[in-house]
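Asker: Kindly generate the corresponding structure for this input.
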Amino acid sequence: MELFRIRSLAEYDTYKKRNDASIQAHQQVLDSWRQSKPTEFKVPGYSYTAGKDVQFVVPKHFQFPNHVTVWRESLSCPITGFNNRMRATFHLFDIEMEPNPDQKMYITEQLTPVYRYFKERFSKTVGSEFLADAVAPGAVDSRGLRNEDLRALSFEDESFDSVVSLDVLEHIPEYEDAFAECFRVLKPGGRFMWSVPFISVFHDNLIRARIENGEIVHDHPPEYHGDPLSDDGVLCFQHFGWQMLDQMRSIGFRDAYAITYQSKSFGYLGQDQLMFFARK
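Answerer: Numbering: from 1, shown residues only. As a prediction, the model looks like this:
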C-alpha cells in the first residue's frame with residue numbers, strides 16, 4: 001500500500017508532481033473498470049478486516065461516470081460487509097494510532113458498523129450521537145444512545161487516548177470549537193483521527209453555509225449527507241482545505257497531517273483518498 005504523509009498544500013503539490021506516473025496508472029485502472037463493467041462487478045483483493053483474499057463487490061448503483069465517491073463507498077468485503085472507506089479506516093488506524101487493547105477511545109458515532117467494530121476491539125470505546133435536546137449532554141436515551149455535542153463535550157479534560165471522527169465535522173458550523181474540544185479531551189500524546197470532505201487543491205476552507213442571527217445562510221447550493229438518525233439527511237456547512245491542518249496546529253496539536261493512500265491489492269481504489277491525523 002502506498003502511503004504519503006502531507007502537511008500543506010505545497011507538500012501536496014510536490015507529492016502530485018513526484019508521483020504523477022503512479023497516479024495516472026491508478027487512474028487508468030479506475031477508468032478501465034468503469035468502461036468495461038456496466039453492471040455489478042467484483043474486484044479481487046485482500047480484505048484487511050477479513051484477513052483473506054476476497055472478491056470486493058461494486059454494485060451497479062455506485063457506477064456513475066466521473067463520480068469520485070463511487071470507489072470510496074463501494075468495494076464491499078463479502079465477509080465483513082465493510083466498504084472501501086471503512087476497511088481503510090481500520091487499516092490506517094492500526095498503522096498510525098498506536099492502538100493497544102486497554103486504550104480509552106471516543107468515536108463520534110454510535111449507530112454504525114464502524115462504532116461496533118471499534119467497540120469489539122477496544123472495550124473502553126465510548127460512542128455517541130448528536131441528539132440535541134432529546135436528553136441531557138452525556139446522558140443516554142431509551143435506545144442506549146449517548147448524547148454529545150462535539151462543540152461542548154461532557155467529558156473531563158484528558159479523558160481519552162484517542163479520538164476518531166468520521167465525516168462529522170463538516171456538519172458543524174462552529175467547527176473550530178469542535179477541533180478544540182477534541183484536543184481538550186485527549187490525554188497528552190493522544191491521537192486524533194478524522195475524515196471530512198476535502199478539496200485538495202484549496203488552502204482555505206470552503207464555507208458552504210453559516211449561521212447568522214439564528215438563521216442558516218447558504219453561500220452555495222445546499223448539500224445534504226446521509227444521517228443515521230434521519231432520512232432527511234444532514235446539512236454540510238463546509239468542505240475543508242489545507243487551512244484545516246493550520247487550525248489544528250494553532251489549537252495546540254504538535255503535529256497534524258494528511259495521509260493519502262491507495263492500493264489495488266487491498267481494494268483501496270480511488271484518487272485523492274485522504275485521512276487526517278493529529279497528535280497532542
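Asker: count of neighbours near Glu148?
Answerer: 23 (other CB atoms under 10 Å). To be clear about C-beta, it is placed using only N, CA and C from the backbone, and glycine gets the same treatment.
Asker: so how far is Val135 from the nearest residue to it once chain neighbours are set aside?
Answerer: Counting by CB to CB, 6 or more residues apart in numbering, Glu148 lies nearest to Ser128, which is 3.7 Å off, once chain neighbours are set aside. Ser128 is 11 Å from Val135, where distance means CB to CB, to the nearest Å.
Asker: Same check on Lys119?
Answerer: Taken as CB to CB, the span from Lys119 to Val135 is 20 Å.
Asker: Likewise for Ala258?
Answerer: From Ala258 to Val135 the distance is 35 Å (CB to CB).
Asker: and what of Phe266?
Answerer: Distance from Phe266 to Val135, counting by CB to CB: 40 Å.
Asker: what about the two, which has more around it?
Answerer: Phe266 (19 against 14).
Asker: Three-state assignment for Tyr115, please.
Answerer: helix (DSSP: H, G, I helix; E, B strand; the rest coil).
Asker: quick one: contacts for it?
Answerer: Ile107, Glu109, Thr125, Gly127 (CB atoms under 8 Å, 6 or more residues apart in numbering).
Asker: ok, and the closest non-adjacent residue to the last one?
Answerer: When the adjacent residues along the chain are set aside, Gly127 lies closest to Gln110, with 3.5 Å between them (CB to CB, 6+ apart).
Asker: Next, count neighbours for that neighbour.
Answerer: Based on other CB under 10 Å, the number of other residues close to Gln110 is 22.
Asker: who's in contact with the biggest helix by length in the chain?
Answerer: Longest helix of the chain, by residue count under DSSP state H: helix 20-36. Defining contact as CB under 8 Å, 6+ apart, one finds that helix 20-36 is touched by 2, 16, 41, 43, 58, 63, 65, 71, 262, 264, 269-271.
Asker: pLDDT of that helix, averaged?
Answerer: Per-residue pLDDT over helix 20-36 has a mean of 81.
Asker: mind listing what's buried in it?
Answerer: Across helix 20-36, burial judged by 16 or more other CB atoms under 10 Å covers Ile23, His26, Leu30, Trp33, Arg34.
Asker: can you redo the residues you listed as CSV with distance to Ser76?
Answerer: Shown next, in CSV, are those (distance: CB to CB, whole Å):
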residue, distance to Ser76
Ile23, 25
His26, 20
Leu30, 17
Trp33, 15
Arg34, 17
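Asker: Among these, which one sits closest to Val164?
Answerer: Taking CB to CB as the measure, His26 is the one of these closest to Val164, at 26.6 Å.
Asker: Could you list the single helix or strand in the chain with the lowest mean pLDDT?
Answerer: helix 20-36 (a mean of 81; mean pLDDT, DSSP states H and E).
Asker: Following that one in sequence, what is the next regular element?
Answerer: strand 41-47 (DSSP states H and E).
Asker: mind checking how far that following strand is from the chain centre?
Answerer: Centre-to-centre, strand 41-47 and its host chain are 22 Å apart (CA atoms, centre = their mean, to the nearest Å).
Asker: shaky segments in this protein?
Answerer: Residues of the chain meeting the criterion pLDDT under 70: 34-38, 61-69.
Asker: can you do 80?
Answerer: Applying pLDDT under 80 to the chain flags the ranges 31-39, 60-70.
Asker: Just give me the residue closest to the centre of the chain.
Answerer: Ser195 (2.6 Å; CA atoms, centre = their mean).
Asker: Skip the chain neighbours and tell me the closest residue to Ser200.
Answerer: Asp272 is the one closest to Ser200 (CB to CB, 6+ apart), at 5.2 Å.
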